[in-house]
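> Predicted structure and sequence below. I'll ask about it afterward.
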Amino acid sequence: MINITFPDGSVKQFEAGITPLAIAESISPRLAQDVLAASVNDKEWDLSRPINEDASLKLFKWDDPEGKHAFWHSSAHLLAEALQELYPGVKFGIGPAIENGFYYDIDPAGHNITSADFPAIEKKMLELARRKEAIVRADITKADALKMFGDRGEEYKCELISELEDGTITTYTQGAFTDLCRGPHIPTTAPIKAAKIMSLAGAYWRGDEKRNQLVRVYGITFPKQKMLDEYLALLEEAKKRDHRKLGKEMELFAFSANVGAGLPLWLPKGAALRDRLEQFLRKIQKQYGYQQVITPHIGNKNLYVTSGHYAKYGKDSFQPIHTPEEGEEYLLKPMNCPHHCEIFRAFPRSYRELPLRLAEFGTVYRYEQSGELHGLTRVRGFTQDDAHIFCAPDQIKDEFLKVMDIIFYIFKALKFDNFEAQISLRDPNNKEKYIGSDENWHLAEQAIIEACEEKGLKARKELGEAAFYGPKLDFMVKDAIGRRWQLGTIQVDYNLPERFQLEYTGADNQKHRPVMIHRAPFGSMERFVAVLLEHTAGKFPLWLAPDQAVILPISEKFNDYAYEVARQLSAADVRVIVDDRNEKIGRKIRDNEMRRIPYMLIVGEKEAENGEISVRKQGEGDKGTMKIATFAQNLAEEVNNSINQ
RNA sequence: GCCGCAAUAGCUCAGUCGGUAGAGCAUUUCAUUCGUAACGAAAAGGUCGUGGGUUCGAGUCCCACUCGCGGCUCCA
């Protein structure tokens, strides 16, 4: 007999060799039906894999990430089985579960697979699933594995096997399909009741652009058709929140092929919105001791040779601008830091000036690869809400804490509550990739980790993700369809102070090298507005909304009164417009609801007589009648509350 | 940059087998002067992304380019 400990701490005895599925059955038939995966002593475990000794057991259902993961991982195998039947000779790369569904990378071996084939693939998957084949785990020696997959011509699998350690290799088989796999899987394919192939894409084998490009088939499956329908409906909804669509509808920004790919044009409403965001940040930064600076959009090539950026990125960037002067070259600035370093160098600096915080809404130009451009989130010309803090090494942590305060304040004011934080650290096994002393790295990494702990911020630590010049803390937010975008960033830099030979005189009357912190709470104005649009579905907080209120006269007879109301509200700093079209009130309400203007102010005979307005809130309906001044006052209060919580 | 897919009116889209361009919304005009989510009528709007090719004839077939979309790679 063995003791099995459950998550609630209770312990039950079972025969040695019992499976998690059998244990689930002993608890309840319903649980046995719903359970998809298990963990034994916190190790992933198949439901049908025997447990031979005392262990702690967790059972996972659909609602657990681990349950979905096993379900989708098995679905990837099912997809492979279907592809193997439909396209004989295809070779398989890898096929993992992902956040929403799964994919399989295949070498189509001459077959031409297109989206027209999706229904046939889906049909085949479900047909195979209905056979309710068991998914069977087997241990295999390295030699046998190499022979087995080698005989089938599975070169990609053989490459993977050759890197595995003998004795740790397992395969999973369902029906006629056997895959190299670590597991875990669901016991049979039976629960897979709905399947959808989502898209095809190219993907380099092992993520290496120098190697073969495979076809990546993305799919998703569910235990119920209804769940698939709901998922697809959700995706449709998400598409409506796409910032590219909203930006056009709301007249915030546009692109023009004549101006160039990835070069956004900010329209009047968008520019005003961006300006409001800038003012908001400027105000906070002022409180935190930042000083605004302004630097040119171009810089002499030598500046970037000094910074090291030219050597590293010069070839892949916008190429130098030539002047009438022989040999003179300028670059569009790809970042603001070198300019700010020169500001630091403009005077002899004392430790008394530190931390010196130089801020600039600096527009930079980077030649992003054409395939990478994406709406406002990835562009070739954008404005960073940049600042560089020059400080002494022992001030890093304190400065980090202050920057985090600013970022949290912003995220709170804009209701970004489900952001993710990532601490990017040096790869300790590959130190030569990085510049700076061990001591400085340790100091900076510790400062970041401690700052996060002090703020109670749960941040994922990623080794090897640091920039070559220092560790960083990034804030990530998801867009409408779940893609992650980096917004705020705080980075420690030992490189530039070194390269620009920055120094200050310390209290000891000796020269010292400052440390630089790069930070951008929004990341860039472009990306931030994009993510903000998708988060709010275009319904901006009142203080940001391009138009805060629209006045709707009942008929043209009341247009004069409407403009009088507009005059008074404008005088009270309300951003207000008048919808003076010759349309019925129902039509005006509908149109303006769709324009997402927070308040609609309806004026007709009654209101004109009493100097009042009828207030309607977007998405909520009629709020009753009030004096113009009362509305202005309420609005001002609401704006205040939304910024300061 | 790579793989795949697309590009038709301001927007969303239809256009069959290659035979000379269509709808809804938006716009303009007329009518209406209206009380909380779409009143009605009419008009105007297109070198079918650009350039080449095949063909008696190309929105439709082929090639290149541009822009865009989904991924991959990249992201100072």
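In hand now; what should we look at?
> check contacts around the residue most central in space within chain A.
By CA atoms, centre = their mean, chain A has its centre lying nearest to A:Arg484, at 1.6 Å. Shown in contact with A:Arg484 (CB atoms under 8 Å, 6 or more residues apart in numbering): A:Glu420, A:Met476, A:Val477, A:Lys478. For the C-beta atoms, the positions are set from N, CA and C on the backbone; glycine is no exception.
> mind redoing it with 10 Å?
A:Glu99, A:Phe419, A:Glu420, A:Gln422, A:Met476, A:Val477, A:Lys478 (CB atoms under 10 Å, 6 or more residues apart in numbering).
> Quick check: the last one touching A:Glu420?
Right, the one you point to is A:Lys478. Yes - using CB atoms under 10 Å, A:Lys478 is in contact with A:Glu420, at 8.2 Å.
> The helix or strand where A:Met476 lies: what's the following helix or strand?
Assigned by DSSP states H and E, A:Met476 belongs to strand A:472-478. Note on strand A:472-478: by DSSP H and E, the next helix or strand toward the C-terminus is strand A:484-493.
> how far does that next one sit from the chain's center?
11 Å (CA atoms, centre = their mean, to the nearest Å).
> Buried ones in that strand, by neighbour count?
By neighbour count on 16 or more other CB atoms under 10 Å, the buried set for strand A:484-493 is A:Trp485, A:Gln486, A:Leu487, A:Gly488, A:Thr489, A:Ile490, A:Gln491, A:Val492, A:Asp493.
> How much space separates the third one from RNA strand B?
From A:Leu487 across to RNA strand B, the span is 12 Å (CB to the nearest atom of the strand, to the nearest Å).
> which ones are touching that residue?
A:377, A:407, A:410-411, A:416, A:419, A:474-477, A:520-524, A:527-528, A:530-532.
> Excluding chain neighbours, give the residue nearest to it in space.
A:Gly523 (4.1 Å; CB to CB, 6 or more residues apart in numbering).
> so the one you found touches A:Ile490, yeah?
No - taking contacts as CB under 10 Å, A:Gly523 lies outside contact range of A:Ile490: 11.0 Å.
> what about A:Leu160, how many neighbours?
17 (other CB atoms under 10 Å).
> Return the residues in contact with it.
Counting by CB under 10 Å, 6+ apart, A:Leu160 has contacts A:Gly93, A:Ile94, A:Ala145, A:Phe149, A:Glu154, A:Ile169, A:Leu180, A:Arg206.
> Please apply the same query to A:Asn302.
Taking CB under 10 Å, 6+ apart, one finds A:Tyr310, A:Glu328, A:Glu329, A:Tyr330, A:Leu331 in contact with A:Asn302.
> before we move on, what about A:Leu273?
If you count contacts by CB under 10 Å, 6+ apart, then A:Leu273 has A:250, A:252-253, A:266-267, A:525, A:529, A:532-533, A:540, A:544-546 around it.
> Apply 8 Å and report the result again.
A:Leu273 neighbours (CB under 8 Å, 6+ apart): A:Leu252, A:Val529, A:Phe540, A:Leu544, A:Pro546.
> so which strand or helix has it?
Secondary structure (DSSP H and E) places A:Leu273 in helix A:268-287.
> A:Ala37 and RNA strand B: what is the separation?
In terms of CB to the nearest atom of the strand, A:Ala37 sits 24 Å off from RNA strand B.
> What about that residue, how many residues nearby?
A:Ala37: 28 neighbours (other CB under 10 Å).
> Okay, and the beta partners of it?
In this entry, A:Ala37 is beta-bridged to A:Phe60, by DSSP bridges.
> Please verify my assumption that it contacts A:Pro187.
No - look at A:Ala37 against A:Pro187 with CB atoms under 8 Å: they stay out of range, at 9.6 Å.
> pretty sure A:Ile284 contacts A:Tyr409?
Yes - applying CB under 8 Å as the test, A:Ile284 and A:Tyr409 come out as touching, 6.2 Å apart.
> More neighbours: which of the two?
Using other CB under 10 Å, the more surrounded residue of A:Ile284 and A:Tyr409 is A:Tyr409, with 19 against 15.
> for the contacts of A:Leu273, which one is nearest A:Leu601?
A:Pro546 (16.3 Å; CB to CB).
> list the contacts for the closest one?
By CB under 8 Å, 6+ apart, the contact set of A:Pro546 is A:Met250, A:Leu252, A:Lys269, A:Gly270, A:Ala272, A:Leu273, A:Phe540, A:Arg575.
> ok, and the most crowded of the residues you listed?
So for these (other CB under 10 Å), the most neighbours sit at A:Leu252, 25 neighbours.
> which ones are touching the residue of the stretch 451-600 of chain A found nearest RNA strand B?
As assessed by CB to the nearest atom of the strand, RNA strand B sits closest to A:Ser555 within the stretch 451-600 of chain A, at 2.9 Å. A:Ser555 sits next to A:Gly604 when contact means CB under 8 Å, 6+ apart.
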